[in-house]
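Student: Dropping a prediction and its sequence here:
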Amino acid sequence: MMTGKTIRSFLVSLFFVFSLQARDIILEFKGAYFKPTDSEFKNIYGKGGALYGPELTVQVCEDTPWYAFAGFNYFHKKGHSIGLCDETTVKLIPLALGVKYLERMCDDRVDFYVGLGFQPVNVRTKNCSDFVFANQSKWGFGGIAKVGANYRMDCNFLIDLFVDYSFVKVGSNDCDCLMGLQSVKANVSGAIFGAGLGYSF
């Protein structure tokens, strides 16, 4: 299982590797509203909630509009199971790795961008029901699409306004037939609306 320490080490390593050859490096902290699209997920955990985390964007090579990005986020929400209304909690830890295309406009003050990437998501659930495992952790694999704009301010700071769409399904129909316990299965796809504050090196 990938821990927070492993994720931080990965991002730091990526930063130093690309900084040796890239001209533009952007490190930002992003906050957003995650709006799930799956009806069952919404019935259990509500219509959405806060999603936040860091993202590193690195120009692949000098004088090119192509950038690589890597980041991770965190989402936590309480809810109630369908039917029996038992209390349940979900934690999503989405990772992301992909590419962006940036177009510089407005006297080099604004970057419009689109991006596409690979997104593994760790889903952790805690349940009070007798019919599912109390604590579960599963990985799902999917993708993420990005569109947004960076406004570059003085002193190398920037504001990033973005809309992402994440498409990920997690789990299977595994069960413990002797105990009658059901394993986690979820569609954690959704739209992400947010903003970030970053610094360009």
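Tutor: Received, thanks. Because the structure is a prediction, the values reported are computed rather than measured.
Student: would you list every one of the strands in this protein?
Tutor: Taking DSSP state E as the test, the strands found in the chain are 25-36, 49-59, 66-72, 74-80, 87-105, 110-127, 135-152, 157-167, 169-171, 175-176, 181-182, 185-187, 190-200.
Student: Serialize those to TSV and add fields for mean pLDDT.
Tutor: Below are these laid out as TSV (pLDDT from 0 to 100):
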stretch	mean pLDDT
strand 25-36	96
strand 49-59	96
strand 66-72	95
strand 74-80	92
strand 87-105	94
strand 110-127	94
strand 135-152	93
strand 157-167	97
strand 169-171	83
strand 175-176	45
strand 181-182	44
strand 185-187	80
strand 190-200	97
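Student: just so I know, which of those strands lies nearest residue 43?
Tutor: Closest of these to residue 43 is strand 74-80, at 8.4 Å (criterion: C-beta to C-beta). Backbone N, C-alpha and C define where each C-beta goes, glycine included.
Student: Mind giving me the packing neighbours of the closest one?
Tutor: helix 39-45, strand 49-59, strand 87-105 (3 or more C-beta pairs under 8 Å, 6 or more residues apart in numbering; DSSP states H and E).
Student: Now do the second one: distance to the chain's middle.
Tutor: From the chain centre to the centre of strand 49-59 is a distance of 7 Å (C-alpha atoms, centre = their mean, to the nearest Å).
Student: That one vs strand 87-105, what angle?
Tutor: If you take axes from the mean of the first three to the mean of the last three C-alpha atoms, to 10 degrees, strand 49-59 sits at 40 degrees to strand 87-105.
Student: who does strand 49-59 pair up with?
Tutor: strand 25-36 (antiparallel), strand 66-72 (antiparallel), strand 74-80 (antiparallel) (DSSP bridges).
Student: what about the first one, distance to the chain center?
Tutor: Put plainly, it is strand 25-36. Distance, centroid of strand 25-36 to centroid of chain: 8 Å (C-alpha atoms, centre = their mean).
Student: follow-up on the earlier one: highest mean neighbour count out of the helices and strands packed on strand 74-80?
Tutor: Each of the helices and strands packed on strand 74-80 was scored by mean neighbour count; the highest is strand 49-59, a mean of 20, by mean count of other C-beta atoms under 10 Å.
Student: which outside residues touch that strand?
Tutor: When contacts are defined by C-beta atoms under 8 Å, 6 or more residues apart in numbering, strand 49-59 is touched by residues 11, 14-15, 18-19, 22-34, 66-77, 92, 94, 96, 100, 192, 194, 196.
Student: what sits against residue 148?
Tutor: By C-beta under 8 Å, 6+ apart, the residues touching residue 148 are 112, 113, 160, 161, 162, 163.
Student: One more pass at 10 Å, please.
Tutor: 30, 100, 102, 111-115, 160-164, 194-196 (C-beta atoms under 10 Å, 6 or more residues apart in numbering).
Student: Mind checking which of the contacts of strand 49-59 are buried?
Tutor: Buried members of those, scored by 16 or more other C-beta atoms under 10 Å, are 11, 14-15, 18, 22, 24-28, 30, 32, 34, 67-73, 75, 77, 92, 94, 96, 100, 192, 194, 196.
Student: Please consider this matter closed, and thank you.
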